[in-house]
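*Asks:* I would like the atomic coordinates for the input below:
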Amino acid sequence: MLGFNRNQERIHILKDVTGILKPSRMTLLLGPPGCGKTILLLALAGKLNKSLKVTGEIDYNGVKLQDFVPEKTSAYIGQYDLHVPEMTVRETLDFSARFQGVGSRAVPILSTKPSALNFLYKIEIMKEVIRREKEAGIIPDPNIDTYMKAISVDGLERSMQTDYIMKIMGLDICADVLVGDAMRRGISGGEKKRLTTGEMIVGPSKALFMDEISTGLDSSTTFQIVSCLQQLAHISESTILVSLLQPAPETYQLFDDIILMAEGQIVYHGPRSCIMSFFESCGFKCPGRKGDADFLQEVLSKKDQQQYWSRTEEGYNFVTVDQFCDKFKASQSGQNLAGELSKPYDESKGHKNALSFSIYSLSKWDLVKACFAREFLLMKRNAFIYITKAIQLGLIAAISGTGFLRTHMGVDRIHANYYMSSLFFALLLLTVNGFPELAMAINRLPVFYKQRDYYFYPAWAYAIPSFILKIPVSLVESVAWTSISYYLIGYTPEASRFFSQLLILFLIHTVTLSKFRCVASYCQTMVVASICGTLTFLVMLLFGGFIIPRGFAIGLTIKSRSSRAIISRNKLATFGERNQDKDTENGMPNLQAETALTPNRTGRMVLPFTPLTISFQDVNYYVDTPAEMREHGYMKRKLQLLHNITGAFQPGVLSALMGVTGAGKTTLLDVLAGRKTGGVIEGDIRIGGYPKIQQTFARISGYCEQTDVHSPQITVGESVAYSAWLRLPPEIDSKTRNEFVNEVLETIELDEIRDSLVGVPGVNGLSTEQRKRLTIAVELVSNPSIIFMDEPTSGLDARAAAIVMRAVKNVADTGRTVVCTIHQPSIDIFEAFDELMLMKRGGELIYAGPVGHHSCEVIQYFQAIPGVPRIKDNYNPSTWMLEVTSTSMEVQLGADFAQLYRESPMCKDKDRVVKRLSVPVPGMTDLHFGTRFPQKFQEQFKACLWKQCLSYWRTPSYNMGRNDQQSLFTILGCMYGITLFAGINNCQSVMPFISVERSVVYRERFAGMYSPWAYSFAQVAMEIPYVLMQVVLFMLIAYPMIGYAWTTAKFFWFMYTMFCTLLCFVYMGMVVVSITPNIQVASIFSSMFYTLQNLMSGFIMPAPQIPRWWIWFYYVSPLSWALRVLFTTQFGDYDDRMIDVFGETKSVPVFMKDYFGFRRDLLPLAAVILAAFPILLAVLFGYNISKLNFQRR
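*Replies:* This next block holds a predicted model:
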C-alpha cells in the first residue's frame, strides 16, 4: 500500500500487511504512533483516501471489497470527536440509530422496501411467536417479553437501543446535556469520546474498526466498554478490531487476538496467549510488574529495547522490525496464519445477508424525514440567531422607511432615482442577510462529511430539509421588510403591486440563502468561503443594473432581473440616466538555592523559583441547572458539581487527581486554577498560606489543558519559544532562554519535530500525541512553581505516556508542586505518583493520601472497608480502585465512600495538614510582583507581533484571497463598488481568523503571558503592512486601467483613502468578533453593519436627502467619509467641465455639492476623520479583548 504525492518519492505507509480477522473474536491493534494503525483500519473499512495507491485484496466472507458496500457493512470509529454541539447526547445517538436503520436489517429480505412493510412484517413475526409460545406452554420472562414487543413498535426499537448504549457507555448521566464545543459548556472530553464510540455501535454493523477509543477515558470505563464489546463479539458473532494506546492489563486480557505493528509492518498477528512466548523466543522477557501491552510497544523501540533483553549470557544487539517480522513468519503462529491464508474461503460458513449491498438503510422518504427532524431541532436550538436576524431586519426596515420617507420625496426624475435607490437597498439588505448562513453551514460540514461517508444519508437528503425549512424564514423576513417599508417610502399603493414586490423579495432572499450554503459547501473553510461569498455578492450587485446600468452581463444575474421586476411593478422611469461615473533520563534540573542562573553539574540550566504549597478548604462549585435536566424532573435551580473538597498539594510531591469520568476532576482543577468563567465558587484557597490572588497566581503557575489549543500556523519550536519569551522573567537573557527552550524540547522529545507546523487538529499538522506533548512543553517552559496538568497522557501510547510522566516526575523532583488528573494509568505511571486524591461521581472526595510503595497505602485503605473485594495478583491498582469504588459497588455494599472517608482518620489527618499549610511559614511574605505581566508592554507587543507576522505569512488563503479580489475590482471599475466590497471582503475574511485565534488568546491570557492590550495592538499592527500591500497592488494595476486622473496628489489621495477604509473594515471585523460569542452571531452583526454602512454612505441616499433624525448616522459612517474624499479629490476641481444631469447643465463640483453634499473645502477635515476611524476601532478591539470573555467553563 503506497501513499505518494506527485513529483515526490513514494512512501510506504503499509508494507505487505497480511492477516485474518475472524467472527466472534476481538482483536487488539497495538503499535507506536505513526506505524500505520489508522491507515490499516481505514483500509479494512473501505474508507481509504482515493489518492493513496493500494495493492493487494481485502475480502469479507470471500466477497471482494468492490462487490458490496463495505462502508455500510462495517463501522469505523475515528480518533476525532465530531458531533453537532447543539444536540444532546440522547439526540445524537437516537438520530444515529435512526439513520443506521436500527431494526431494519433484522428483515434483510425487505431491507429495500418501505419501512411500513418492514413494520407489518415484524408484527406478523411477533404474532407467530406468541402463538407458538401458547402452543408449547412457554411463559416468557416479563422483561424479555416487554423488550420483544417494544422493538416491534416502529421507533421504540431505536429508543431502547439508544438507552441501552447510553447505559453501557456510561452516558446515561449526561443523556440530556448538550454536546457543546470550545465556546459552549457541554459534556466532558471523555464523554465525547464515548459518544463517538456509541454513535457507531448503536447501529447493526457486525464489523467494527475502532481507532484509539479510550483516549480521555478512565481505565474502569475503558474496561467496561471493552467488556461490552467482548460480549458483543462473542454473542452476536461480530468481528472487532480495536486500536488502543495504553490498555490496562485487565483490559488487555479481554482480547482474543493481537496485531502488533511497527514501521508499517505486522510484527505479530495471532492469539494473545502466544505473543509473550514469541518474544521470549526472540530473547526478550516482560518484567514482573510491567503490563504486557506496555512491554509490547516498548520492546520495539530502540531506546527501550535493551532493558528487556533476557539472555544476559549473550551479547545484546538491537533487533530491527524487519528481523522481528522474519522471526514471526518462521514461528508457529506465523506458519498457522500462512496456512489459513492459503486455503480458499468456505462459503458455507458465511451468509450473504451479513454483507450490505444497499448504500442506505432507509427509504428515500424516511431519509428525508429523519434529516428534516434533525434540521428542525437545530433551528429551534439556534432560535436566538433567527430571532436576532428578524429584529435586525425590522430595525433596518424602519430606518430605511423613515430615511426614504414619502413626505420628503417628490414626483420628478431626481426623486425617481431615490426610489430606485430604496429598491436597490432592499435587494442589497436581503442579500447581505444571507451571510450568517456561511458560518452555520461550514460549522456543520465536518459532521456532515463524516455521516455522509458512513452512508447515513445522501447529500440531497441533507440539503432538501435545509432548503425547505429556510423558506418560512425567508417569508417572515420578506413580509417584515415589505410591511414596514412599503408604505413608509411611498410606493404604488395598489395591493397587487405590494404583493408582487413581496414575492420578488421573498424569492431573492430564498435564492441568496441557498447561494451562500452552496458557497460554504464548495469552499469548506471559513476564510475562503468568506472571500468567495463576498465575490459572488459583488458580481450580483455590480451587474444588478443599479451601479452599472448597461451591459450584456447585467442580464445574466438574478439581481438584475429582480431589480427590473420591482421597478416595472412600481412604474418607475427607465433607469439608465445615471452619470458614468530529545529523551532525558535525568529529567529537569535539580533545585538550587542560588538567586542567579547557574549551570548544574550535568551542564543543564537551572532557573530559580519559589517552592509553593496550594491548600484549599470546603470548596464547593455550583452552576445553573441546564434546561434539559429541568425538563426531565430536576427542579433545583443550581447544580452542585463539587462538594466540600478539602486538600493540599505540596512542593516536590507529585499528586494525582483521579476518578471516573464525570467525577469533577477537571472542574476542581479549573476552580483551583481560577479558570472558571461562570458558576458560583465557595471555599478558601491559599497559596503558601496566603489567600490566592488570581493575577499573582497566574505568574507562578502553569496549566496544561485537556484540549490542546495552539496557533495552527506556528511551528513547535516557535510555540515553545513564544511562551518562554512572554512568561520567563526579563532578567533572563535571550541566550539562556533559548537554551532552556531547547532543554524543554528535548525533555518532552519534541526536538526532532521543532520545525513542524502545529496545524489544524484532524486536518493537518501534528498528531494527537504530539499536540499533547506540545501543550506540556508550552507550560513547562514558563518555569512555574505550581503546575496543573489535565489528563497529560490522554491520546498517548504507553511509551509516549511513560516519557511524558518521567519528565513530569523529574519536574516535581526539582521542588515544584505538580498536580495531574489522569484516567487510565499503567501500574508504572500510577505508582510514580506520591499522593492521590480520588473523587467519585458527583464531585465528592473519597480518598486523599499517599499512594505508597506498590500502591500499598491505597490498597490497605479500601481493603479495610467491609465487603470490598481484595485485589488480584498483578492487577492494576488504579483500575481495581476505580472498580471497587463505583456507584454499583456502593449500592451492593450499602455504603457511601465519601461518608466513610469523612469519618476516617485519614480525613482528620488531612484536615490538620491543610490547617497547618493554610498559615504562612514564619519569615515568608506573600507573593508580590511589581508588574502584572513578566515582560514590559513593548516586549509583549514585540512578541505578539512576531507571532502574528508568522501566522499571517503562512496563511495564504487569507492574504492571497484579499489580493485576488482587487484584480476583479479593476475590471468592474466602479469607485463605490470597489470601496464597499473590498471593505466587506476584508471584514468577512478576518472574522474567522480572529475567531480561531481568540481560543488561543483565552488560554494564554489565563496563563498570564501578556496584557490583552499587547496582543490587540500586535494584531492590529500586523494588519497594516498587509492592507498597505493590498492597496499598493490595487493602485498599480487598477488605477491606470480605470482611467482616473494621473496626478501625484490624486493618486496618493486615492491610495490614502483606500488604505484607511480597508483598514477600518478589517478592524470592524475584529471588533464584531470580540463582542460576540461565536462566528455565527458575528456574521449577523457584521451583515447589519454592512447594510447600514451602505444605506448611510451617501451614495444610495445622498446626504442632502437624509432626514435630520438619521443624518447623525451618515456622519459616523466611515464609508461616507471615504466616498467624500474619493469623489472630492477626483472630481472636485473640474470647475470647467459641464455635465447634463436630470435635465440640467451643471459643473461637476456644483453637481457634487447639490446632489451629494460634497465640498472641497472640507477635504482636510474629512481626511483627518477618515484616519481616526481605524484608530478608534483598534482601541475598541483592545478594550473588548481585555474585558470580555465568552468562553464558558
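
*Asks:* okay, and the helix or strand of this structure with the least pLDDT?
*Replies:* When each helix and strand of the chain is scored by mean pLDDT, DSSP states H and E, strand 598-599 comes last, with a mean of 33.

*Asks:* and the helix or strand Leu1170 falls within, how far out from the chain's middle?
*Replies:* Per DSSP states H and E, Leu1170 falls inside helix 1163-1187. Put simply, helix 1163-1187 sits 32 Å off its chain's centre (CA atoms, centre = their mean, to the nearest Å).

*Asks:* what residues go with each domain of the protein?
*Replies:* 2-86+207-354, 371-569, 598-917, 937-1187 (automatic domain parsing).

*Asks:* possible to save the ones you listed as a markdown table with distance to Asp926 and mean neighbour count?
*Replies:* Where C-beta positions appear, they are placed from N, C-alpha and C, glycine not excepted. Output for the domains of the chain, formatted as a markdown table (distance: least, CB to CB, whole Å; neighbours: other CB atoms under 10 Å):
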| stretch | distance to Asp926 | mean neighbour count |
| --- | --- | --- |
| domain 2-86+207-354 | 37 | 18 |
| domain 371-569 | 45 | 19 |
| domain 598-917 | 4 | 19 |
| domain 937-1187 | 17 | 19 |
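
*Asks:* okay if I get those domains as TSV plus distance to Lys364?
*Replies:* Formatted as TSV, the domains of the chain follow (distance: least, CB to CB, whole Å):
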stretch	distance to Lys364
domain 2-86+207-354	16
domain 371-569	7
domain 598-917	31
domain 937-1187	31
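
*Asks:* for those domains, which one sits closest to Val177?
*Replies:* domain 598-917 (5.9 Å; CB to CB).

*Asks:* what residue ranges in the stretch 51-200 of the chain score low on pLDDT?
*Replies:* 103-129, 133, 140-159, 182-183 (pLDDT under 70).

*Asks:* kindly apply the preceding question to the stretch 401-550 of the chain instead.
*Replies:* For the stretch 401-550 of the chain, the ranges with pLDDT under 70 are 405-418, 527, 537-538, 540-550.

*Asks:* where exactly do the helices run in it?
*Replies:* 413-432, 436-453, 459-489, 495-523, 526-542 (DSSP state H, counting those that start in this stretch).

*Asks:* for Arg272, which of those is the nearest?
*Replies:* With CB to CB as the measure, helix 436-453 is the member of the helices of the stretch 401-550 of the chain nearest Arg272 (31.5 Å).

*Asks:* relative orientation of the closest one and helix 495-523 in degrees?
*Replies:* 50 degrees (axes from the mean of the first three to the mean of the last three CA atoms, to 10 degrees).

*Asks:* what's helix 436-453 packed up against?
*Replies:* helix 383-403, helix 459-489, helix 495-523, helix 526-542, helix 1079-1095 (3 or more CB pairs under 8 Å, 6 or more residues apart in numbering; DSSP states H and E).

*Asks:* mind putting these in TSV, distance to Lys290 included?
*Replies:* Listed next are the helices and strands packed on helix 436-453 as TSV, based on distance: least, CB to CB, whole Å:
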stretch	distance to Lys290
helix 383-403	54
helix 459-489	49
helix 495-523	51
helix 526-542	48
helix 1079-1095	48
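
*Asks:* phi, psi of the residue lying closest to His823 once chain neighbours are set aside?
*Replies:* Nearest residue to His823 in three dimensions, chain neighbours excluded: Asp218, at 4.3 Å (CB to CB, 6 or more residues apart in numbering). Per-residue torsions, Asp218: phi -70, psi 160 (degrees, to the nearest 10).

*Asks:* which residues touch Asp218?
*Replies:* Gly190, Met658, Gly659, Val660, Thr661, His823, Gln824, Leu882 (CB atoms under 8 Å, 6 or more residues apart in numbering).

*Asks:* which of those residues sits closest to Ala1082?
*Replies:* Distances from Ala1082 to the contacts of Asp218, taken by CB to CB, are shortest for Gly190, at 30.6 Å.

*Asks:* angle of the helix or strand hosting that closest one against helix 436-453?
*Replies:* For Gly190, the element it lies in under DSSP H and E is helix 189-201. Angle of helix 189-201 versus helix 436-453, following the same axes, to 10 degrees, is 60 degrees.

*Asks:* how far does helix 189-201 sit from its chain's centre?
*Replies:* That offset, for helix 189-201, works out to 16 Å (CA atoms, centre = their mean).

*Asks:* keeping just the C-alphas, turn the very next helix or strand once past it into PDB.
*Replies:* Once helix 189-201 ends, the next helix or strand along the chain (criterion: DSSP H and E) is strand 207-211. Output in PDB follows, covering the C-alpha atoms of strand 207-211 (Å, rounded to 0.1, in the frame of the first residue of the first chain):
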ATOM      1  CA  ALA A 207     -17.600  -5.500  11.700                       C
ATOM      2  CA  LEU A 208     -16.200  -2.800  14.000                       C
ATOM      3  CA  PHE A 209     -12.900  -1.000  13.400                       C
ATOM      4  CA  MET A 210     -12.200   1.300  16.400                       C
ATOM      5  CA  ASP A 211      -9.300   3.800  16.400                       C
END
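
*Asks:* now do strand 207-211: everything it contacts.
*Replies:* Taking CB under 8 Å, 6+ apart as the rule, strand 207-211 contacts 21, 37-38, 41-42, 44-45, 60, 73-79, 197, 200-201, 229, 238-243.

*Asks:* what of stretch 1166-1177?
*Replies:* Residues from elsewhere that reach stretch 1166-1177 (CB under 8 Å, 6+ apart): 1056-1057, 1060-1061, 1063-1064, 1067-1068, 1070-1071, 1118, 1121-1122, 1124-1125, 1128.

*Asks:* in helices only, show me those residues.
*Replies:* Using DSSP state H, the members of the contacts of stretch 1166-1177 that fall within helices are 1056-1057, 1060-1061, 1063-1064, 1067-1068, 1070-1071, 1118, 1121-1122, 1124-1125, 1128.

*Asks:* what is the nearest of the contacts of Asp218 to Leu469?
*Replies:* Looking across these and measuring by CB to CB, the closest to Leu469 is Gly190, at 33.9 Å.

*Asks:* so what does the strand or helix carrying Tyr622 touch, helix or strand wise?
*Replies:* Using DSSP H and E, Tyr622 falls within strand 614-624. If contacts are counted by 3+ CB pairs under 8 Å, 6+ apart, strand 614-624 sits against strand 638-649, helix 665-673, strand 680-687, helix 905-917.
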